[in-house]
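S.K.: Whatever this is, show me its structure:
(2 chains)
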Amino acid sequence: MTTTHVTGAASDADAAEGRVYDVAGEDWDTVIGGEERSSAGERIVVNMGPQHPSTHGVLRLVLTLEGETVAEARASIGYLHTGIEKSMEYRTWTQGTTFITRADYLMPLFNEVAYCLSVERLLGIEDKLPERATLIRVLMLELNRISSHLGGLGPFGMELGATTIFLQGLRMRENVLDLFELITGLRMNHAFIRPGGVAQDVTMAHLEAIRAFLRKAPKWVKDLRTLIDANPVFIARTKGIAYLDLQGCMALGVTGPMLRATGLPWDLRKSQPYLGYETFEFNVPTADTCDTYGRYLVRMAEIEESLKIVDQCVERLSSREHTGDDPFMIQDAKIGWPARLSLGPDGMGPSPEHIKHIMGQSMEGLIHHFKLVTEGFRVPAGQAYVPVESPKGEIGCHVVSDGGTRPYRAHLRDPSFHHMQAVAVLCEGGNLADVIPAIASIDPVIGGVDR
Amino acid sequence: MTTPAGPPAEANGDGNLPAKLGEERLTSPVVRMGMFGADGTPDTSGYGRLAVHKPLPQSSSRPYGGYFDTVADALASALSADGVAVDDAIERVVVAHGELTLYVRRSSLPAVVDKFLHDPALRFEVFSGVSGVHYPDEPGRELAAVYHLLSITYNRRVRLEVRIPDADPHVPSVTGTYPAANWHERETWDFFGIIFDGHPALTRIEMPDDWPGHPQRKDYPLGGIPVEYRGTKVPPPDERRSYYS
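M.R.: Okay, here's the model as predicted:
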């Protein structure tokens, strides 16, 4: 594979456009030999990915380069398509959460809540959800927002060559994942939020662990800010990079931190509140730089705001401790998952009290348990779409029911998928090195893009 | 244990049906009987008499409630300014679960979408996505393309649905109005085989380029998983023994 066309990979059609080199991993100098260096306007097509460490998974970028300048950038996706939506059509409504949680694996709880809110709207039980379930949901969502932002920011630092940012970011994220593990039993892919409520209760011990986290977290955030905010290298790599103003965001339907970095305070938690977000005190951070640096500032400020919401959730949950019967799953025997999960010596399973109840005391309870767990509940025919504000933008699940026990169709509108369309706008005309911050400023997760 | 077959659905009595299924379903034809996946055999569980009714095409009448009337009025006046009667463009309007769905006739989709973006009284700036649905049981309107729009100016949402026959799966592309529809339409083509006329590059997006068929259609076969044990194969989910119908 030395000079032109020798490999035979380039066809006559390619040759008509000039000299074509087909290289894979060789030294460029030996490939072109002693020939004259490329003249201006000569283009090189570079495949970045699908196994590139800086592309957040298996994203493949097809970059057309003129020297160091990106003339064209095209994103090619589908390398992680696992048919989550199709698989859900063959499982019960409750089992659907275990599938959809795996879509965007950095924000599993947002996938679950988008799906569950849509199912609950079809069931018509939006107003009947126990308040405790809603509070636990908000608590988990905001913790997940923190971990998702840190899972974006930390690796972003490493992509720019700063392992300290990576380690500091992931250290804090690790603590959030520890909380998830404590509460749901899993670090990711929780299937914790179910139609009708949540899978398990949050106990005082859990709240105490969250309080301990809240005592340490502000300092970690401050450390990260001290490290990054005014870092000349970071600023040089992010300021003015991947510019997308409000007009561009509107044309491309971009939401989330990218939109808020243009100065528009659009946050569904404020504008179309769900899960009682209107009762929490928090701000919607914005920036007006429209660039990667502004998006970083918005995300960092959102972590601080989320800590405030988590704190309020913890206070409200602990103040309910002595109110007696305080369910975390809807009190409707036809819908609410009957088993109370608890941690036994052999792992997570139905609580001994529940087993005792259905096996020894209540035939009705056993029948309900069996019917709900094997067959599932029926959801009235119709369709619903309830969007929520995820760390990456608007996420929603378009759910269609035919009246049966399984989703007729569930389509996840994932922000990463939607925002990847902006890659061309963000990258073209910039330097090759700026492609990495541009992609990182979208914060895509290919699990969500491909589903 | 043998039990005579359950009575036909007519003798079943509407009172046996769960109330929350909605009244319109009680008058619609039964599409599925029984549970536990038992077809044609007497169900010994006693649940065989439960029937799944096919939903009738719904239609809501005014007032729709909330901002829905405002949206419908604004669309009607914007369309009539162009000499298009709203009934020619909109098949029917459904308000359910606090969401507004406009069933748009396929030929009118570009005009309607253009009004939704550009009309000052509508201003649905953000295109949230296209979702395909396959209804093989509804002849002549098997495929659906569902659009979700969001207005930041007025803080409103609307859903547009276009129903098309499987034999002629063409829908005009809305990429000219909403550039963000590009990938969503490619995905819907990939998974459902809906051809979006006028799309700049309607190619597969999730599946490989040479993939046969459109995997999220209901009639697309599911794959099983071969396992290394005496030629055994884990059957696809729809062929497994299941306890739900």
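S.K.: helix, strand or coil for the nearest residue to A:V45 once chain neighbours are set aside?
M.R.: Nearest non-adjacent residue to A:V45, counting by Cβ to Cβ, 6 or more residues apart in numbering or on different chains: A:T64, 5.3 Å away. Just so you know, the C-beta spots here come from the backbone N, C-alpha and C atoms, and that holds for glycine as well. Following DSSP: H, G, I helix; E, B strand; the rest coil, we place A:T64 in the strand state.
S.K.: if I read this right, A:T64 contacts A:E42, doesn't it?
M.R.: No: contact criterion Cβ atoms under 8 Å: A:T64 and A:E42 do not qualify, at 10.9 Å.
S.K.: Comparing the two, which shows the higher neighbour count?
M.R.: The residue with more neighbours, out of A:T64 and A:E42, is A:T64; 15 against 12, by other Cβ atoms under 10 Å in any protein chain shown.
S.K.: got the contact list for A:L307?
M.R.: Taking Cβ atoms under 8 Å, 6 or more residues apart in numbering or on different chains, we find A:L307 in contact with A:142, A:146, A:214, A:217-218, A:221.
S.K.: May I ask you to confirm that it belongs to a helix?
M.R.: Yes: according to three-state DSSP, A:L307 belongs to a helix.
S.K.: Against A:R132, how distant is it?
M.R.: 21 Å (Cβ to Cβ, to the nearest Å).
S.K.: mind listing the helices for the stretch 151-300 of chain A?
M.R.: A:163-184, A:204-228, A:232-238, A:246-252, A:257-260, A:268-271, A:292-319 (DSSP state H, counting those that start in this stretch).
S.K.: Would you map the strands across chain B?
M.R.: For chain B, the strands defined by DSSP state E cover B:30-33, B:51-53, B:90-96, B:99-104, B:126-134, B:143-151, B:156-164, B:170-172, B:195-197, B:225-226, B:233-234.
S.K.: Let me fix that, I meant to ask about chain A.
M.R.: Under DSSP E, chain A gives strands at A:44-48, A:60-66, A:69-76, A:193-194, A:197-198, A:341-344, A:347-350, A:382-385, A:388-390, A:393-401, A:409-413.
S.K.: can you put these in CSV and add mean pLDDT?
M.R.: As requested, these are exported to CSV (pLDDT from 0 to 100):
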stretch, mean pLDDT
strand A:44-48, 85
strand A:60-66, 88
strand A:69-76, 89
strand A:193-194, 91
strand A:197-198, 88
strand A:341-344, 74
strand A:347-350, 75
strand A:382-385, 90
strand A:388-390, 93
strand A:393-401, 92
strand A:409-413, 92
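S.K.: Which residue is the nearest non-sequential neighbour of the one residue sitting closest to the centre of chain A?
M.R.: With distances taken as Cα atoms, centre = their mean, A:M107 lies nearest the centre of chain A, 3.6 Å away. The shortest distance from A:M107 to any non-neighbouring residue, by Cβ to Cβ, 6+ apart, is to A:S148 (4.4 Å).
S.K.: Next up, the contacts around that neighbour.
M.R.: Per Cβ under 8 Å, 6+ apart, neighbours of A:S148: A:106-107, A:110, A:390-392, A:443.
S.K.: ok, now with 6 Å
M.R.: A:106-107, A:391 (Cβ atoms under 6 Å, 6 or more residues apart in numbering or on different chains).
S.K.: Look up which residues are beta-bridged to A:L63.
M.R.: A:V46, A:A73 (DSSP bridges).
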